[in-house]
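1. predicted model, plus sequence, below.
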Amino acid sequence: MIEVDVAVVGAGPAGLAAAAVAAEAGAETVIVDEYERLGGQYLRPRVHRVPAGSLVTRARQAGVRTMLGEPVWHIASRARTLETTSHRIGFRSLVIATGAFDRPVAVPGSLLPGVFTAGGTQALAKDGAPVGRRVLVAGSGPFVLPVARELYRCGGAVIEIALSHLPPLALAVLFEPEVVLEGIGYALALARHRVRTSFGWVLAAVHGSQRVEGATLVRLRQQRRVPERRFVECDAVALSYGFLPQLALADIAGCALRFDRMHRTWFIAIDSRLETTVPGIFAAGEVVGIGGHRCAAAEGEMAGRAAARYSGHPTRDPLTSRFCYWRLRRFADAFTPALTPPCIASSVDDRAPVCRCEGVDAGTIRAAVRDGAATVAGVRLRTRCGMGICQGRMCAQLAAELIASTRHEGIEAASRIVAGAPARPVLVSDVMR
Amino acid sequence: MRAIIVGAGIVGAACGYELAAHGVDVLIIDQGDPPAGASGRSDGYLLVSDKRLDVLALALQALDTWRRVAPVLGAVEFAEHGPLLVGSTPEAVEQIALRAWALREAGATVHELDGDGCRTIEPALSPRVMAGLVVEEDASVQPMLATAALLRAAVARGAELWPSTRAISVAPHAVETREGVLHADQIVLAAGAWSPGLYAEAPLPIEPRRGHLLVAERRASTIVRRGAIALDYLTTIEDPDPDLRVAAVVEPTASGTVLLGSSRERVGFDLVPDRRVLREICAAVSDLYPALADCRILRSWIGFRPWTPDGLPLVGRLAAGLIIAAGHEGAGICFGPLTGMLVRRLIVDDEPPPLCFAPDRFRHVSV
């Protein structure tokens, strides 16, 4: 067993910042991540390059101990230990910075080879593998821009960027010029390739016999009886309809969650010091609210210092850090709801595959609701939706939206499921240790 | 006649089904989204082989009832075979022989096996297994599907189901809920481990007995074919000690995953998973099936069995107009349909349930 002052789960911007400041404050700090490299998804390096980014350097220089390629599968908040597939780590305080993943999409054909999440598209592109030469990038937020640009970098090409709505740019310019500049940079890079961009369209179906050959887009918010549809010929589809937080470890640790009505999902509940409802366990980054990498890093710093203080290493938050965090989180709270994907559950086709692990489609879930199921748990017990290897990570939100739309109710009551250990599949022999 | 059933686990669902099928006007309420309580968190073994020797006849009757009800329910993964009950010590061999004799006496069809005989049926069993038995009457079912199907069958026969309706208390002819008081000729309290909290008149001898259950990935189905139970499982059921008891229960499911249990401890309604329990269950099951050590666990969960001091349920009248059907410990799925029938006979035919289920049998015992 390894004993540390501060343990950080997740080595993305939030986790790296938290680990760096905690170590700088003198706390013995370890950072754990299931990937082999530091940086999480945002700072994922391009092929054949060492992890880039000042945060990685800063964490290394501060003497943060790293444990990579080891998924954390259990947190015992009473015993103050966490377990990876190969180590047990005792901690005084903990920062959960497990980040978010692409919000899954279910449309007929979404299991065809050639349909990717935006995150997967970007990760593959950074490894030098374009998902296609005529890619349809469909989504609801600015993340489509870096994904499209990354595709061109590795030799792919984009046939169209289809956004569900125009992001509130005025708001962004006002609060966060940096973000706008970043966006303009991406847009200029894409302008050279004359990528077609459309607004007000969402993905309705993917077509193809062996793999993706095309996709159907449907016009959003139209009063016509038969909504306007159009076909886009493409060889791959990259989907970016927002993000969902990774909550399993917070659930296992016993941290309370809060429901966010704008995002229609749950996040870890924290107080103004970024402490969860479990004393000594802090949270930062996308798990407490979608906000982007800048907000995550600023929040990580605050959480890292709070965790260091809790473990007996006094440190003060510089005013600049506090202000930076306050400004970014405010901006994120104002801006990101506008990027949330539209809820189109009521129009999802019955044949759309919802649970990939167990092969459950939207029609089966609607039938379970008609049979009386009112929650994701009730649907799971009847249909096996969410019982597979991913334990509902891919389908629970989709199922909740289907339940809510079928029952004409809010999604809050339907969507809450409590994850049990292990947070990631773990060998019987590892549990026996 | 009108009856309100409090609790939509397997017992409440079976009571609702039986009563509705016999013309009673039934309302089933539950605080959650059924299949509720322990029934949504249970394994699916329907066993005669693990029951106390004095209730073997009732267990056989429970399996008979299951075989009559299962065809009505449709796809509930009802399978006509149960696990091997195995032992790995010389004492266990003796106890298995004794149990085989008692099971035969009660009328069950029993096959006794030596270690190699066990491994012929279940090749992945540990070489340390010395003896085992298989009871032909044993069966298995998918408990969540079965509960949901029983509820559906009840509704199809005229019953009404109100989920998300929390009862606050029960009394003869009345159930108090958050929305108001409901009245009926008969109230059936079938709220499992939650029953004592609803009956203020007298303390009910029921306590939550927590259990962890784990599910292993589909690869495990290449190792576990028939399923097995370690003989010491029987002692963990009967042991009244509140501290943690663990014994190996391994059950293959129709979907290919394998359920791994079992643990018993009386620690109240504590939902925080215990690392030590996970460790001990994994150690126990890989003791039985060494190859399971290389399989992955997908998930674990916690359920609360309604424990009574003698391990048998309370089925009968608490007062005129108030019936209890709870306290089945880990045998609720097995005894569910039979309990439904007993409650129906009590209400419709005024025929009392077996004496060993009498709710007032602990009257002179302090618990």
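-> Done, it's in. The structure displayed is predicted, hence computed values, not measured ones. Numbering: from 1, shown residues only, chains lettered A, B, ... in the order given.
2. out of everything not next to it in sequence, what's closest to A:M1?
-> If you skip the residues right next to it in sequence, A:M1 has A:R88 as its closest partner in space, 4.7 Å away by C-beta to C-beta, 6 or more residues apart in numbering or on different chains. In short, each C-beta sits where N, CA and C put it, glycine included.
3. now do the end-to-end distance for stretch A:265-277.
-> Counting by C-alpha to C-alpha, to the nearest Å, the length from the leading to the trailing residue of stretch A:265-277 is 18 Å.
4. is chain B within reach of that stretch?
-> No - Stretch A:265-277 lies out of reach of chain B by C-beta under 8 Å from any C-beta of the partner chain, never closer than 12.9 Å.
5. that stretch: which residues count as buried?
-> Applying a neighbour-count criterion of 16 or more other C-beta atoms under 10 Å in any protein chain shown, one finds A:265-270, A:274-277 buried in stretch A:265-277.
6. again with stretch A:115-135
-> A:115-126, A:130-132, A:134-135.
7. also stretch A:158-168?
-> In stretch A:158-168, the ones that count as buried by 16+ other C-beta under 10 Å are A:158-165, A:167.
8. ok, of those, which one's closest to A:L151?
-> Closest to A:L151 out of those is A:V158 (5.8 Å), distances taken as C-beta to C-beta.
9. what residues are up against that closest one?
-> Taking C-beta atoms under 8 Å, 6 or more residues apart in numbering or on different chains as the definition of contact, the neighbours of A:V158 are A:134-137, A:148, A:151-152, A:190, A:193, A:195.
10. among those residues, which ones are in strands?
-> Cross-referencing these with the strands (criterion: DSSP state E) gives A:135-137 as the overlap.
11. which residues touch the residue nearest to A:M1?
-> For A:R88, the residues meeting the contact criterion (C-beta under 8 Å, 6+ apart) are A:1-2, A:81-82, A:433.
12. of those residues, which is the most crowded?
-> The most crowded member of the contacts of A:R88 is A:L82, carrying 26 neighbours; neighbours defined as other C-beta atoms under 10 Å in any protein chain shown.
13. my guess is it contacts A:A7, does it?
-> Yes - when contacts are counted by C-beta atoms under 8 Å, A:L82 is listed as touching A:A7 (6.0 Å).
14. overlap in contacts, the two.
-> Residues touching both A:L82 and A:A7 by C-beta under 8 Å, 6+ apart: A:32, A:89, A:91, A:94.
15. show me which residues of the stretch 151-300 of chain A sit near chain B.
-> By C-beta under 8 Å from any C-beta, the residues of the stretch 151-300 of chain A that approach chain B are A:252, A:254.
16. residue ranges of the helices in the stretch 151-300 of chain A, please?
-> With DSSP state H, counting those that start in this stretch applied, the stretch 151-300 of chain A shows helices at A:169-175, A:177-191, A:248-253, A:292-310, listed in chain order.
17. okay, these, which one's buried deepest?
-> The highest mean neighbour count among the helices of the stretch 151-300 of chain A belongs to helix A:292-310 (a mean of 27), with neighbours defined as mean count of other C-beta atoms under 10 Å in any protein chain shown.
18. and that one, what does it pack against?
-> Where contact means 3 or more C-beta pairs under 8 Å, 6 or more residues apart in numbering or on different chains; DSSP states H and E, helix A:292-310 is packed against strand A:6-9, helix A:13-24, strand A:93-96, helix A:177-191, strand A:281-283, helix A:319-335.
19. closest to B:R225 out of the ones you listed?
-> When these are compared for distance to B:R225 using C-beta to C-beta, the nearest one is strand A:6-9, at 38.4 Å.
20. thank you kindly, that will do.
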